[in-house]
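J.: Return a 3D structure for these sequence lines:
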Amino acid sequence: MTSNRKRPARSNKANNELNHDLSTEADDTPVENRFDALISFTVHHFQTEHAYMVEHRYPDAKAHDDEHGQLTSELRLILKKKQREGDLLVLQKIKDWLLTHIQNADKALGRYLNQQGVY
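T.: Sure thing, here's the model as predicted:
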């Protein structure tokens, strides 16, 4: 498996590109593509984390996976509200959501994986 060290940077890059498109009032096609890319990245990120947790027998894997499920449901709900709330508000909610997950659950997983000698 590849290192997860660059994942937050890629997530931030996707968020920043989406933010740029929104703030410069780019047409809807690139904006929608950026939202789709962010969703795809998030799903891939969760799948990769799950594989690491299984491979290294992470003791809090069930709770972490449950959080992924909850966050995915919330992401879908946030995106459904996009038309009513506006793109920038939705983007901020997604950024907050991802940063909170990374700062809390992912850091704990990272510490555990470091202890297991993963990276």
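
J.: The top helix by length along the chain: which residues count as buried?
T.: Secondary structure of the chain per DSSP state H: the longest helix is helix 28-55. By neighbour count on 16 or more other Cβ atoms under 10 Å, the buried set for helix 28-55 is 31, 34, 35, 38, 39, 41, 42, 45, 46, 49, 52, 53. Using the backbone N, CA and C atoms, a C-beta is placed for each residue, glycine as well.

J.: Ok, stretch 106-119 next?
T.: 106, 109, 110, 112, 113.

J.: Quick one: mark the members of these that sit in strands.
T.: Among the buried residues of stretch 106-119, DSSP state E puts none in strands.

J.: Report the lowest-confidence entry in those residues.
T.: Least confident of these in the model: residue 106, at 88.

J.: State the next helix or strand along the chain beyond the longest helix of the chain.
T.: On the C-terminal side of helix 28-55, the closest following helix or strand by DSSP states H and E is helix 61-80.

J.: what's that next one packed up against?
T.: Applying 3 or more Cβ pairs under 8 Å, 6 or more residues apart in numbering; DSSP states H and E, we find helix 61-80 packed against helix 28-55, helix 87-101.

J.: now the first one: how far from the chain's centre is it?
T.: Mean C-alpha position of helix 28-55 versus that of the full chain (Cα atoms, centre = their mean, to the nearest Å) differs by 6 Å.

J.: That one relative to helix 61-80, how many degrees between them?
T.: Per axes from the mean of the first three to the mean of the last three Cα atoms, to 10 degrees, the angle that helix 28-55 makes with helix 61-80 is 170 degrees.
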